[in-house]
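1. sequence isn't available, so here's the structure alone:
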């Protein structure tokens, strides 16, 4: 519940541990209430002045568009590993495209947890998704080019990762077929 000063009170009946909160920049106050005979341990980390947390290499809500006849798409991490909780969408769209040939140039993700999916169609319509079009692991899922049909000239690539293990990521080239 909130009091009239805007402070947040956390009612804990007996014990708590691992409580974490993030507050916006500015001043905040912590008030611990309880039995003075009980030991209380409190750790507050102040990130003021520390380097900002890393920024994702992509926008999880707006797909990055690739409209050239051919090109390269990657998770964007370059020589680094991708970040925890990465969630990226990439849209291949070239007017008149019937399909796209995709060839991996690199591929390394955490097996079974960090996955690359390829959808036939737009990024807001995942009804065309097939589990056969989902990959993860330390090696490229195929050698050479693989063709993907393009509904309305579109193919969506979706990459997402959890927070446990990060890897080098992935990169592929694509060529449009008309």
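-> Sure thing, it's come through. Model, not experiment: these values are computed from the prediction.
2. can you map out the strands along the protein?
-> Using DSSP state E, the strands of the chain run over 64-66, 70-74, 87-93, 99-108, 115-120, 134-135, 145-149, 154-160, 169-177.
3. for this structure, which spans come out with low pLDDT?
-> 1-57, 59-60, 125-132 (pLDDT under 70).
4. surely residue 85 is in contact with residue 161?
-> Yes. Residue 85 is in contact with residue 161 according to CB atoms under 8 Å; the separation is 6.6 Å. From N, CA and C alone the C-beta is placed, and that goes for glycine too.
5. out of those two, which sits in the busier spot?
-> residue 161 (25 against 12; other CB atoms under 10 Å).
6. and the closest residue to residue 137 other than its chain neighbours, how many neighbours does it have?
-> Sequence neighbours aside, residue 111 is the residue nearest to residue 137 in space, at 4.4 Å (criterion: CB to CB, 6 or more residues apart in numbering). When neighbours are defined as other CB under 10 Å, residue 111 has 14 of them.
7. hmm, back to that, could the strands of the chain be laid out in a markdown table, adding mean neighbour count?
-> As requested, those are exported to a markdown table (neighbours: other CB atoms under 10 Å):
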| stretch | mean neighbour count |
| --- | --- |
| strand 64-66 | 15 |
| strand 70-74 | 15 |
| strand 87-93 | 21 |
| strand 99-108 | 18 |
| strand 115-120 | 21 |
| strand 134-135 | 16 |
| strand 145-149 | 14 |
| strand 154-160 | 23 |
| strand 169-177 | 20 |
